[in-house]
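>>> Got a predicted structure here, sequence first:
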Number of protein chains: 2
Amino acid sequence: MSNVASSPSPPPSKGRPRGFDRDEALTRALDVFWRRGYEPASVTELCIAMGINPPSLYAAFGNKAKLFLEAVDFYERTYWSATWAGLEKEPDVYRAIEAFFKAAAGILLSPQAPCGCLVVLAAINVSSDSTEVSDAIKSLRQVSKRLFAQRLKQGIKDGQLPQKTDVKSLAATLSTMLEGMSIQARDGLVHAELARVASHAVRLLPPRF
Amino acid sequence: MSNVASSPSPPPSKGRPRGFDRDEALTRALDVFWRRGYEPASVTELCIAMGINPPSLYAAFGNKAKLFLEAVDFYERTYWSATWAGLEKEPDVYRAIEAFFKAAAGILLSPQAPCGCLVVLAAINVSSDSTEVSDAIKSLRQVSKRLFAQRLKQGIKDGQLPQKTDVKSLAATLSTMLEGMSIQARDGLVHAELARVASHAVRLLPPRF
DNA sequence: CTTAATCTGTAGTATTCACTACAGAACAAC
DNA sequence: GTTGTTCTGTAGTGAATACTACAGATTAAG
């Protein structure tokens, strides 16, 4: 589900042109999914937020699941990709992790929707006929773990972390912190509090040596 | 919602006696809620698991929400209360935290339902007419934070942690780890992996001094 | 213009949801 | 036995769900 056109796309269409901005509608949908979660966000509510009627939604996005997955893709690109890129750019692994978690606290309490991470929370507890969606989102969560692991390996290569560092479990631990922060965000922590929590994450790394 | 009779209760009833064991039915319901979450667990599915019909469920437990809250109460008493008590019993704060998280890994991957914590996950993403339930569960999550804070304060009093320890944010951080572990559990980590993650939690404490 | 193609609004579809009306069954008290 | 009370199974309630049939509207192409 990475085949996202992400139009400025002037589609050289033949029939009646679409009466709404597809991207703007997508961001409206994202807002609803973000605050409510995948299943509690009803198509009716989505349509109202998007300013369209069901047939337009289905014509443009296929169905609710595809709309959601596209919203998730949009979300990741808009909110997270720069932050993940920063993790690789900063040469010192300790500062990289520190900065990443600080930025994460900001995203999770983004004024747009201060409700934690869409990927972590929105597809938890879905009914059995939405397993496709929850599986897709689960695999996105695995990506974070891989990215952490990759950065830690680089830290070892750079001589900043001990050779014997257990990369796999440490990466899983950092993911655990990141995902836990989503629940804290949803439970109403204010930014200063969540930022202080985030500042503890770097202590999970082996002490500087 | 702590008014739980927790019967061996021989009710000195007048009319037709109940045809099923209330506590056993409750544990069956717990299983369903634990695996599926509050809203995806349909009353139909609950009834099948409990071996009863809807009128019996409603007569015995009131409604779905009350059944869930009672199941949560039962869950906490059965799976967590001893572990939280252990946190206070162990005199060394480092060992206490270490043992707590190790035990937590076991509970979150309990063979009964290796799906993370009911309190953390089951009432995430509920529709707007179940806010009562999700608010009740949210307040249960706050209890963990308070218990961690209490234990850390004791550690300061015992001279094991620095006076200047930021108890509030450190307790929030430990909660964050604990809650994140639920998502890891649901994402399929095996026990050895989750236990290794858990073993990192103690590093969040200030280094021994 | 006509024709073909696409989109839009109205008004539905069938299905599932939590929950319950009702009548009969099973008990205690009398 | 009768009466009163509580539970149980059948069979349903109205409401909400995701999704769509269809006809009219709006465009490009010929």
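Good, I have the coordinates.
>>> Just the buried positions in the helix or strand hosting residue A:26, please.
Taking DSSP states H and E as the criterion, residue A:26 maps to helix A:22-36. For helix A:22-36, a neighbour-count test (16 or more other Cβ atoms under 10 Å in any protein chain shown) marks A:22, A:25-36 as buried. Every residue, glycine included, has its C-beta placed from N, CA and C.
>>> Quick one: residues contacting the residue of chain A found nearest DNA strand C.
Closest contact between chain A and DNA strand C, by Cβ to the nearest atom of the strand, is at residue A:15 (2.2 Å). Shown in contact with residue A:15 (Cβ atoms under 8 Å, 6 or more residues apart in numbering or on different chains): no residues.
>>> need the residues of chain A near DNA strand D, please.
A:12-17, A:39, A:41-45, A:53-55, A:58, A:63-65 (Cβ under 7 Å from any atom of the strand).
>>> Could you point out which residue ranges in chain A have low pLDDT?
A:1-12 (pLDDT under 70).
>>> for it, what's the longest helix?
In chain A, with assignment by DSSP state H, the single longest helix is helix A:131-157.
>>> Does that one reach DNA strand C?
No. Using Cβ under 7 Å from any atom of the strand, helix A:131-157 never reaches DNA strand C; the gap is at least 14.0 Å.
>>> And the helix holding residue A:26, how far out from the chain middle?
14 Å (Cα atoms, centre = their mean, to the nearest Å).
>>> Would you tell me whether that helix gets close to chain B?
Yes. Counting by Cβ under 8 Å from any Cβ of the partner chain, contacts between helix A:22-36 and chain B involve residue A:36.
>>> Need the residues that contact that helix.
A:6-7, A:41, A:45-46, A:49-52, A:57, A:60-61, A:67-68, A:70-72, A:74-75, A:112-113, A:115, A:118, A:122, B:125, B:127-128.
>>> Go again with 6 Å.
Contact with helix A:22-36 is made by A:41, A:45-46, A:49-50, A:60, A:67-68, A:71, A:74-75, A:113, A:115, A:118, A:122, as judged by Cβ atoms under 6 Å, 6 or more residues apart in numbering or on different chains.
>>> going on from that helix, what's the next piece of helix or strand?
Following helix A:22-36 in sequence, per DSSP H and E, is helix A:43-50.
>>> Need the contact partners of the helix or strand following that following helix.
Scanning forward in sequence from helix A:43-50 by DSSP H and E, the next helix or strand is helix A:54-61. With Cβ under 6 Å, 6+ apart as the test, helix A:54-61 has contacts from A:22, A:47, A:67.
>>> Sort out which residues of helix A:54-61 are buried, please.
So, applying 16+ other Cβ under 10 Å, buried residues of helix A:54-61: A:56, A:57, A:60, A:61.
>>> Also stretch A:185-205?
For stretch A:185-205, by 16+ other Cβ under 10 Å, it's A:185-187, A:189, A:191, A:193-205.
>>> Spell out which parts of chain A neighbour chain B.
Chain A comes close to chain B at residues A:37, A:40, A:121, A:124-125, A:127, A:138, A:169, A:172-173, A:176-177, A:179-181, A:183-184, A:187, A:196-197, A:200, A:203-204, as judged by Cβ under 6 Å from any Cβ of the partner chain.
>>> Looking at the residues you listed, which are in helices?
Short answer: those in helices (DSSP H) are A:121, A:138, A:169, A:172-173, A:176-177, A:179-181, A:183-184, A:196-197, A:200.
>>> Just give me the closest of those residues to DNA strand D.
residue A:121 (17.1 Å).
>>> show me the contacts for the residue nearest to the closest one when sequence neighbours are not counted.
Computed as Cβ to Cβ, 6 or more residues apart in numbering or on different chains, the closest residue to residue A:121 that is not its neighbour in sequence is residue A:182, at 5.4 Å. Residues near residue A:182 by Cβ under 6 Å, 6+ apart: A:108, A:116, A:117, A:120, A:121.
>>> Same question for residue A:175.
Residue A:175 touches A:144, A:145, counting by Cβ under 6 Å, 6+ apart.
>>> now, which of the buried residues of helix A:54-61 sits nearest chain B?
Nearest to chain B, judged by Cβ to the nearest Cβ, of the buried residues of helix A:54-61 is residue A:57 at 19.3 Å.
>>> now that closest one: how far from residue A:15?
18 Å (Cβ to Cβ, to the nearest Å).
>>> What is the burial count for residue A:159?
When neighbours are counted by other Cβ atoms under 10 Å in any protein chain shown, residue A:159 registers 9.
>>> for it, helix, strand, or coil?
Secondary structure for residue A:159, judged by DSSP: H, G, I helix; E, B strand; the rest coil, is coil.
>>> got a list of what it touches?
By Cβ under 6 Å, 6+ apart, residue A:159 has no neighbours at all.
>>> Relative to chain B, how far out is it?
For residue A:159, the distance to chain B (Cβ to the nearest Cβ, to the nearest Å) stands at 21 Å.
>>> do the same with residue A:98
Relative to chain B, and taking Cβ to the nearest Cβ, residue A:98 is found at 14 Å.
>>> So for that residue, what's the nearest residue that isn't a sequence neighbour?
Per Cβ to Cβ, 6+ apart, closest to residue A:98 is residue A:202, 4.7 Å.
>>> which residues touch the one you found?
A:94, A:97, A:98.
>>> mind checking how far the second one is from residue A:65?
Taking Cβ to Cβ as the measure, residue A:97 and residue A:65 are separated by 34 Å.
>>> Write out the residues of chain A neighbouring DNA strand C.
Checking chain A against DNA strand C by Cβ under 7 Å from any atom of the strand, the hits are A:13-20, A:52-56, A:59-60, A:127.
>>> rerun that using 6 Å as the cut-off
A:13-16, A:18-20, A:52-56, A:59 (Cβ under 6 Å from any atom of the strand).
>>> any idea which of the residues you listed is closest to residue A:134?
residue A:54 (23.4 Å; Cβ to Cβ).
>>> before we move on, back to that, kindly indicate the member of the contacts of residue A:202 with the most neighbours.
Highest neighbour count within the contacts of residue A:202, by other Cβ under 10 Å: residue A:97, with 24 neighbours.
>>> residues in contact with it?
Neighbours of residue A:97 in contact, by Cβ under 6 Å, 6+ apart: residue A:202.
>>> and it, backbone torsions?
Per-residue torsions, residue A:97: phi -60, psi -40 (degrees, to the nearest 10).
>>> Please report how far it lies from chain B.
13 Å.
>>> again, but for residue A:140
From residue A:140 to chain B the distance is 11 Å (Cβ to the nearest Cβ).
>>> That residue and residue A:119 touch, don't they?
Yes. Shown here, residue A:140 and residue A:119 form a contact pair, counting by Cβ atoms under 6 Å, at 5.0 Å.
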